[in-house]
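Peer 1: Need a 3D model of the following:
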Amino acid sequence: MSPPAQTVTSAGTLVRSTTAGAGGYRAIVPGPLEGHLVRTEAGAAAAPGRAGVRVPVIAFAQLSDVHVVDAQSPLRLEFVDRLDDPSPLPGTGLLSSSYRPHEMLSGHIADAMVREINAIGAGPVTGKPLALAIQTGDNSDNSQFNEVRWNIGILNGGQVRVDSGSLLKYEGVADGNSAYYDPGYWHPHGTPAGKVDDVYRKRYGFPVVPGLLDKARASFTADGLNVPWYSCFGNHDGLVQGNFPQNLQLGILSTSALKLQSLPASLSPAEIVNSLLSGDLLGIVRSLALTPMVRAVSPDINRRLLTRKNVVEQHFAAGGTPTGHGFTNENRTKGTAYYSFDQGVCRFIVMDTVNPNGYSDGSIDREQFAWLQNLLANSAGRICMIFSHHTSWTMQNTLFLVGGELKTRINGKVVLAELLKHKHVVAWVNGHTHKNQVLAHARPQGGGMWEINTASHIDWPQQSRLIEIADNQDGTLSIFTTMVDHAGPASYGGNTSDSVHLAGLGRELAANDPQERTDSRRGQLADRNLELLVAKP
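Peer 2: The predicted structure is shown next:
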């Protein structure tokens, strides 16, 4: 790796305070400025004087792992998450993303990111106006109709209400209903009479925020992106909780009036997971319906599960620019979710890496791989970028059962090897890990390409990424990446009156989640603001 170059532009950062309050709770404060670090491991040299002659090619925004959550859904399996909590709730590493204390604010966080991208408007290095934005999957959290439509509505702009079930009250694990009160969840309104304080406030210093649940479920006006936006399919967009294949019983449960919200002592974690895989969870819920572990909620048909084909169709039905948000009429007909489009000299190739048989990691089927090979073979003269939800190293889920026959899918190692055969592929941009990480991949014949993996909106540090490409006029391209913190203030200051301040609170809560109290997802300096050199195709 090259040493830091002279700062081309400086971007302010937000960090967790070094001073901890009660329970280790930390405020969010301004951090040091970060310039763009030069990296040359892909085999292209950084010539002096290139900044004075470079020609901008394109600038665009990448949003990833937005996870717009229906926090009141019967299919939100919050009780499983605590199995990965720190002491006194010992962890097992099972489905740790099944509950986050701030998930009722996921829509506001997404809106605040849109507002910040709109405010920036252009590449911070080249000054070229942003041409488009692309979401790299997990745009919804649980493949539900209402979550998919909330995500599209936030990016398109207009009135959005991230609420489900009853429109008169919040019905979920965070409320103060004493009949179902569970101290394993954060209760922002405080402790009901006769109950003990929840673990989040008692042990980890979480605040009381009066009226938050009603503020979170109120309608707000989403800003909407000022540029065309494109969509990519992620495992949470196609699988229940991002892990389990859809089936009839889970579909019935999603729109039902019963919500399992606490882990029954009589059931082991393995039994719960097996019930999800086999589709028997509905039976467990019904058998526990007269206990405090299952609560009555208002049923909502808008919580219905969507297939891949359904999700594609919603991108046409909900409007916005471009029509279908990248998905094509062929995708609508075949129920696929991979496509390509051109923007000037750049070709955007969007893969669908979700294995419909389940589990969070991905792969692609052989038909899609043949499509990719053919497209790459006919893309000479273009600057090609690949987009997917999964990274090359999280595409190892290759078994697929169809019609009783076990088949294999294509893994990330094989996909990467194919990309490296084509010098016009300069980058693979993805998400899934919720972590900033940038890797160089060398070509056997010399040179290389970059894999750009970007953090999520849902977990700290809640960032997206701007990507710019410039022609250095010397046979090289510079790919600039710049991290973007959403428009929510570092401190919400007790203000819950609008979506931007609610987003600021959401960031603070995410940074203090007991499972997420490190900065590992921010990555290193070499994963954030960068100038990545690569040979010009």
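
Peer 1: so where do the strands sit in the stretch 251-400 of the chain?
Peer 2: Ranges of strands in the stretch 251-400 of the chain, per DSSP state E, counting those that start in this stretch, are 258-260, 294-296, 339-343, 346-350, 383-387, 399-402.

Peer 1: quick one: buried residues of the second one?
Peer 2: By that I understand strand 294-296. Using 16 or more other C-beta atoms under 10 Å as the burial criterion, the residues of strand 294-296 that qualify are 294-295. For every residue, glycine as well, the C-beta is placed using N, CA and C.

Peer 1: what's the spacing between it and its chain's center?
Peer 2: 29 Å (C-alpha atoms, centre = their mean, to the nearest Å).

Peer 1: Mind giving me the packing neighbours of it?
Peer 2: Applying 3 or more C-beta pairs under 8 Å, 6 or more residues apart in numbering; DSSP states H and E, one finds that strand 294-296 contacts strand 258-260.

Peer 1: can you tell me how far H432 sits from A174?
Peer 2: Per C-beta to C-beta, to the nearest Å, H432 is found 27 Å from A174.

Peer 1: So for F341, what's the nearest residue that isn't a sequence neighbour?
Peer 2: F348 (5.4 Å; C-beta to C-beta, 6 or more residues apart in numbering).

Peer 1: just to revisit the earlier point, the strands of the stretch 251-400 of the chain: which one's closest to G523?
Peer 2: Comparison of those against G523 by C-beta to C-beta identifies strand 383-387 as nearest, at 19.2 Å.

Peer 1: Who does that closest one pair with, and is each partner parallel or antiparallel?
Peer 2: The pairing partners recorded for strand 383-387 under DSSP bridges are strand 346-350 (parallel), strand 425-430 (parallel).

Peer 1: any idea which of those is most buried?
Peer 2: Comparing the strands paired with strand 383-387 by mean neighbour count (mean count of other C-beta atoms under 10 Å), strand 425-430 comes out on top with a mean of 26.

Peer 1: Name the surrounding residues that touch that strand.
Peer 2: With C-beta atoms under 8 Å, 6 or more residues apart in numbering as the test, strand 425-430 has contacts from 62, 64, 134, 136, 376, 383-392, 416, 419, 449-454, 467, 469, 477, 479, 532, 534, 537.

Peer 1: Among those, name the ones in helices.
Peer 2: Taking DSSP state H, the ones among the contacts of strand 425-430 that sit in helices are 376, 416, 419.

Peer 1: which one of those residues sits closest to V114?
Peer 2: L419 (30.3 Å).

Peer 1: In contact with the closest one, which residues?
Peer 2: Residues near L419 by C-beta under 8 Å, 6+ apart: 376, 386, 425, 428, 441, 449.

Peer 1: can you list the ones in helices among the contacts of strand 425-430 in CSV and add distance to G326?
Peer 2: Shown next, in CSV, are the ones in helices among the contacts of strand 425-430 (distance: C-beta to C-beta, whole Å):
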residue, distance to G326
L376, 18
L416, 23
L419, 20
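
Peer 1: Switch those residues over to TSV; also include pLDDT and distance to P489.
Peer 2: Formatted as TSV, these follow (pLDDT from 0 to 100; distance: C-beta to C-beta, whole Å):
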residue	pLDDT	distance to P489
L376	98	44
L416	98	40
L419	98	40
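
Peer 1: Point out where the stretch 401-537 of the chain drops to low pLDDT.
Peer 2: Counting by pLDDT under 70, the stretch 401-537 of the chain contains no low-confidence segment.

Peer 1: for it, what spans make up the strands?
Peer 2: In the stretch 401-537 of the chain, the segments counted as strands under DSSP E, counting those that start in this stretch are 405-408, 425-430, 437-442, 448-453, 463-471, 476-485, 530-535.

Peer 1: do the stretch 51-200 of the chain as well
Peer 2: So, for the stretch 51-200 of the chain - with DSSP E, counting those that start in this stretch - the strands run 55-63, 132-135, 158-160.

Peer 1: Need the winner for burial among those.
Peer 2: Of the strands of the stretch 51-200 of the chain, the one with the most neighbours on average (mean count of other C-beta under 10 Å) is strand 132-135, at a mean of 24.

Peer 1: Tell me the spatial nearest neighbour of the most centrally placed residue in the chain, not counting adjacent residues.
Peer 2: Nearest to the mean C-alpha position of the chain, by C-alpha atoms, centre = their mean, lies D65 at 0.5 Å. Sequence neighbours aside, S456 is the residue nearest to D65 in space, at 3.3 Å (criterion: C-beta to C-beta, 6+ apart).

Peer 1: Now do that neighbour: how many residues are near it, please.
Peer 2: Neighbour count for S456, taken as other C-beta atoms under 10 Å: 26.

Peer 1: doesn't Q62 make contact with it?
Peer 2: No. In this structure, S456 is not within contact of Q62 by C-beta atoms under 8 Å, at 11.6 Å.

Peer 1: need the helices for this structure, in chain order.
Peer 2: 78-81, 106-120, 145-156, 199-202, 212-216, 235-238, 248-254, 269-278, 281-287, 308-317, 329-334, 366-377, 412-420, 499-511.

Peer 1: Now do the third one: distance to the chain's middle.
Peer 2: Read that as helix 145-156. Counting by C-alpha atoms, centre = their mean, helix 145-156 comes out at 14 Å from the chain centroid.

Peer 1: Which secondary structure elements does that helix sit against?
Peer 2: Packing partners of helix 145-156 (3+ C-beta pairs under 8 Å, 6+ apart): helix 106-120, strand 132-135, strand 158-160, strand 220-222, helix 308-317.

Peer 1: Can I get these in a markdown table including distance to F206 and mean pLDDT?
Peer 2: Shown next, in a markdown table, are the helices and strands packed on helix 145-156 (distance: least, C-beta to C-beta, whole Å; pLDDT from 0 to 100):
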| stretch | distance to F206 | mean pLDDT |
| --- | --- | --- |
| helix 106-120 | 17 | 98 |
| strand 132-135 | 30 | 98 |
| strand 158-160 | 26 | 98 |
| strand 220-222 | 24 | 98 |
| helix 308-317 | 34 | 98 |
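
Peer 1: Of all the ones you listed, which one is nearest T336?
Peer 2: Between T336 and the helices and strands packed on helix 145-156, the shortest gap by C-beta to C-beta is with helix 308-317, which sits at 7.5 Å.

Peer 1: And for that closest one, what's in contact with it?
Peer 2: With C-beta under 8 Å, 6+ apart as the test, helix 308-317 has contacts from 143, 145, 148-149, 152, 231, 233, 237-238, 306, 323-327, 331-332, 335-337, 352, 354, 356.

Peer 1: how deep is Y359 tucked in, by neighbour count?
Peer 2: By other C-beta under 10 Å, 18 other residues sit near Y359.

Peer 1: okay, the strands of the stretch 51-200 of the chain in CSV with distance to N302 next?
Peer 2: Shown next, in CSV, are the strands of the stretch 51-200 of the chain (distance: least, C-beta to C-beta, whole Å):
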stretch, distance to N302
strand 55-63, 23
strand 132-135, 21
strand 158-160, 13
